[in-house]
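Engineer: Based on what follows, work out the 3D shape:
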Amino acid sequence: MVALPLVAVFAVWGLRDPASMREVSLGVTKILLAQFGWLILLLSTAALGLVTWLGLGRHRTKRLGLPTDRPEYSNVAWISMLFAAGMGTGLVVWGAAEPITHFLSPPGGSPTDPAAAARQAMVLTYLHWGLHAWAIYALCGLVIAWFSFRRGLPPLVSAPLAALFRGRLGIGVAVAADSFGILSVTFGLAATLTMGILTLRSGVGALAGIEVSPVFALAALAMVGSVAILSALSGVSRGIRLLSTFNILLALGLMLAVLLLGPTATLMSLFVESIGAYLAALPELAFRLRPLEGDAQWTADWTLTYMLWWLAWGPFVGVFIARISRGRTVGEFVTGVVLVPTLGSMLWFAIIGGSGLLAVMSQGLDGPLAIAVKNEPTAAMMLLLKGLPFGDLLGWLAMLLLLVFVVTSVDSAIYVLGMMSSGGADTPPTILRVTWGIALLLLAAAMLMIASVEVARSMAILGALPYPAILVLQCYALLNSLAHPEHDPAGGSD
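Structural biologist: I've put the predicted structure just below:
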């Protein structure tokens with residue numbers, strides 16, 4: 001429980017002196033990205049390469065568990081839970097805003113060819129939300145699932161490290177790894193919760209045509225937190241699974257409505273074309289930092305920030321995905337965790353973000369949607385939906401989707417934090433889950449006092465600072481275990 005007092009300190013700091021918290025978080029992350037951005041991008045791309053090798057190579061048939069183990073959840077329920085926990089809230093917050101932002105302010109300056117700029121905007125969005133993100137998640141989950149279900153260790157961040165360090169050193173490393181993992185989860189989830197509430201506030205204000213006060217944001221935070229705690233107390237098989245499935249169905253319904261009410265053929269053509277453009281550009285973009293073009297700051301603000309963001313969520317999503325993936329083969333795991341959610345995310349951005357790009361290209365760079373994205377990105381989704389037939393209904397559906405996505409992410413996080421702080425217990429003590437739920441809400445309330453998406457992302461990065469080093473050690477432990485099947489209780493066979 002070393003991490004809990006640290007979380008409390010940051011929460012009190014943000015509530016008492018939000019200006020100081022803003023200044024420090026932005027300053028530290030700016031220095032970090034400027035000095036170590038090359039390493040962050042290299043590690044993220046290495047994660048994609050390693051996961052690809054594991055998913056396609058000779059280890060793909062190995063099972064996460066004993067040879068007789070089979071998956072606990074259906075494919076639909078499994079993918080719904082990992083998708084909702086992984087990035088559901090972010091897709092609603094940035095679905096329209098990010099492609100438009102990259103269209104209006106791309107690396108290299110203002111767009112000259114609108115069509116080429118729109119394609120580049122989609123490619124950059126896919127870079128941030130596609131294969132790299134889900135590969136990081138898959139790797140974080142795979143190392144924990146392997147050592148938990150194959151070696152019989154607790155499903156903790158420290159589990160893979162137990163094979164590398166022994167004695168007192170091993171105990172110290174385990175405590176440090178789990179504590180850093182808990183900090184990463186807490187800061188990452190609090191930041192996501194903050195962005196979700198800010199988007200909810202903007203959306204309700206736009207739909208109701210009123211100025212929503214900051215008090216609404218705090219009230220919404222309290223409501224979301226209460227529902228999330230109750231859901232987390234009901235366990236994975238009930239509350240979390242049911243909410244995740246409902247989320248996916250609602251997201252598919254909203255996406256289909258936007259597709260059918262908009263220029264359907266154009267949006268699907270954009271989806272197909274942008275996939276090809278993304279795959280063609282990926283080998284270069286996976287290593288591109290732009291130090292000589294004068295766009296290094298753009299790379300730091302977007303690409304590197306996202307890579308650290310996914311690393312910040314790595315311990316949470318990794319432990320959660322591991323918990324729900326017992327019995328699946330390595331190849332099945334990689335396909336389900338990387339390819340399926342990546343295609344789903346790309347389709348979402350092609351339809352929602354593509355609709356936004358078409359609206360901006362029609363309205364002009366000084367049109368209402370472009371201006372809204374420049375001033376308040378969290379309002380972009382609502383403004384886009386209001387321009388469609390049945391816009392108000394779609395807007396309220398989007399707010400419901402966002403609300404349930406936020407609840408799903410938070411209840412999953414509360415459950416994982418309870419596991420991580422109770423030695424990997426499958427059913428963490430109620431008091432622990434309630435305590436972590438309250439801690440998350442207090443930290444998010446501190447971030448809401450600042451009311452800045454940029455600061456929320458910076459705080460998530462602060463929490464993730466030590467985790468890349470832990471992930472490297474975890475991967476070394478995994479490769480070492482795969483290379484020595486004689487130590488495997490299953491005897492290396494499946």
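Engineer: contacts, neighbours, all on C-alpha from now
Structural biologist: Will do.
Engineer: center of the protein - which residue?
Structural biologist: Closest residue to the average C-alpha location of the chain: Met87 at 3.9 Å, with CA atoms, centre = their mean.
Engineer: ok, Asp113 - how many residues close by?
Structural biologist: Asp113 has 8 neighbours, counted by other CA atoms under 10 Å.
Engineer: what's the distance between Leu82 and Val76?
Structural biologist: Going from Leu82 to Val76 by CA to CA, to the nearest Å gives 10 Å.
Engineer: who has more neighbours, the two?
Structural biologist: Leu82 (26 against 10).
Engineer: Excluding chain neighbours, give the residue nearest to that one in space.
Structural biologist: The spatial neighbour of Leu82 that comes closest, neighbours along the chain excluded (CA to CA, 6 or more residues apart in numbering), is Ile321 at 6.1 Å.
Engineer: State the distance from that neighbour to Ser412.
Structural biologist: 10 Å.
Engineer: So for the two, which residue has more residues nearby?
Structural biologist: Using other CA under 10 Å as the criterion, Ile321 and Ser412 rank with Ser412 on top: 31 against 27.
Engineer: just how off-centre is the helix or strand that contains that one within its chain?
Structural biologist: Assigned by DSSP states H and E, Ser412 falls within helix 391-420. Taking CA atoms, centre = their mean, to the nearest Å, one finds the center of helix 391-420 at 13 Å from the center of the full chain.
Engineer: Quick one: list the elements packing against that helix.
Structural biologist: Helix 391-420 sits against helix 75-94, helix 167-208, helix 214-233, helix 241-261, helix 305-323, helix 380-386, helix 430-450, with contacts defined as 3 or more CA pairs under 8 Å, 6 or more residues apart in numbering; DSSP states H and E.
Engineer: The shortest one packs against which elements?
Structural biologist: Using 3+ CA pairs under 8 Å, 6+ apart, the elements in contact with helix 380-386 are helix 75-94, helix 167-208, helix 354-363, helix 368-375, helix 391-420.
Engineer: How about residues contacting it?
Structural biologist: Outside helix 380-386, the residues within contact range by CA atoms under 8 Å, 6 or more residues apart in numbering are 92-97, 203, 206-207, 258, 355-356, 359, 369, 372-373, 391-392, 394-395, 398.
Engineer: Quick one: mean pLDDT over that helix.
Structural biologist: For helix 380-386, the mean pLDDT works out to 87.
Engineer: same question, the fourth one
Structural biologist: In this model, helix 241-261 has a mean pLDDT of 86.
Engineer: List the buried residues in that helix.
Structural biologist: Neighbour counts over helix 241-261 (16 or more other CA atoms under 10 Å) mark 241-248, 250-251, 254-259 as buried.
Engineer: Report all helices and strands that it contacts.
Structural biologist: When contacts are defined as 3+ CA pairs under 8 Å, 6+ apart, helix 241-261 sits against helix 75-94, helix 391-420.
Engineer: Going by neighbour count, list what's buried in the host helix or strand of Ala47.
Structural biologist: Using DSSP H and E, Ala47 sits in helix 18-56. Applying a neighbour-count criterion of 16+ other CA under 10 Å, one finds 18, 21-22, 25-26, 29-30, 32-33, 37-38, 40-41, 43-48, 51-52, 54-55 buried in helix 18-56.
Engineer: What of stretch 340-356?
Structural biologist: Buried residues in stretch 340-356, counted by 16+ other CA under 10 Å: 341-343, 345-356.
Engineer: Kindly check the end-to-end length of that stretch for me.
Structural biologist: Start to finish, the residues bounding stretch 340-356 are 24 Å apart (CA to CA).
Engineer: Could you list the residues in contact with it?
Structural biologist: The contact list for stretch 340-356 (CA under 8 Å, 6+ apart) reads 79, 83, 91, 95-100, 122, 125-126, 129-131, 134, 255, 258-259, 262, 267-268, 270-271, 274-275, 369, 384.
Engineer: To Leu478, which of the helices and strands packed on helix 391-420 lies closest?
Structural biologist: helix 305-323 (14.2 Å; CA to CA).
Engineer: Just the residues contacting the helix or strand just after that closest one, thanks.
Structural biologist: For helix 305-323, the succeeding helix or strand toward the C-terminus, using DSSP H and E, is helix 330-334. With CA under 8 Å, 6+ apart as the test, helix 330-334 has contacts from 51-52, 54-56, 59-64, 138, 142, 325.
Engineer: Distance from helix 330-334 to the middle of the chain?
Structural biologist: Centroid separation for helix 330-334 versus its chain: 20 Å, with CA atoms, centre = their mean.
Engineer: With stretch 59-74 instead?
Structural biologist: That offset, for stretch 59-74, works out to 25 Å (CA atoms, centre = their mean).
Engineer: Can you give me the buried ones in that stretch?
Structural biologist: Quick answer for stretch 59-74 (16+ other CA under 10 Å): 60-67, 73.
Engineer: Tabulate those (JSON lines), appending distance to Met195, pLDDT and secondary structure.
Structural biologist: Shown next, in JSON lines, are these (distance: CA to CA, whole Å; pLDDT from 0 to 100; DSSP: H, G, I helix; E, B strand; the rest coil):
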{"residue": "Arg60", "distance to Met195": "37", "pLDDT": "92", "secondary structure": "coil"}
{"residue": "Thr61", "distance to Met195": "39", "pLDDT": "91", "secondary structure": "coil"}
{"residue": "Lys62", "distance to Met195": "39", "pLDDT": "92", "secondary structure": "coil"}
{"residue": "Arg63", "distance to Met195": "37", "pLDDT": "91", "secondary structure": "strand"}
{"residue": "Leu64", "distance to Met195": "35", "pLDDT": "90", "secondary structure": "coil"}
{"residue": "Gly65", "distance to Met195": "37", "pLDDT": "87", "secondary structure": "coil"}
{"residue": "Leu66", "distance to Met195": "41", "pLDDT": "83", "secondary structure": "coil"}
{"residue": "Pro67", "distance to Met195": "42", "pLDDT": "83", "secondary structure": "coil"}
{"residue": "Tyr73", "distance to Met195": "30", "pLDDT": "84", "secondary structure": "coil"}
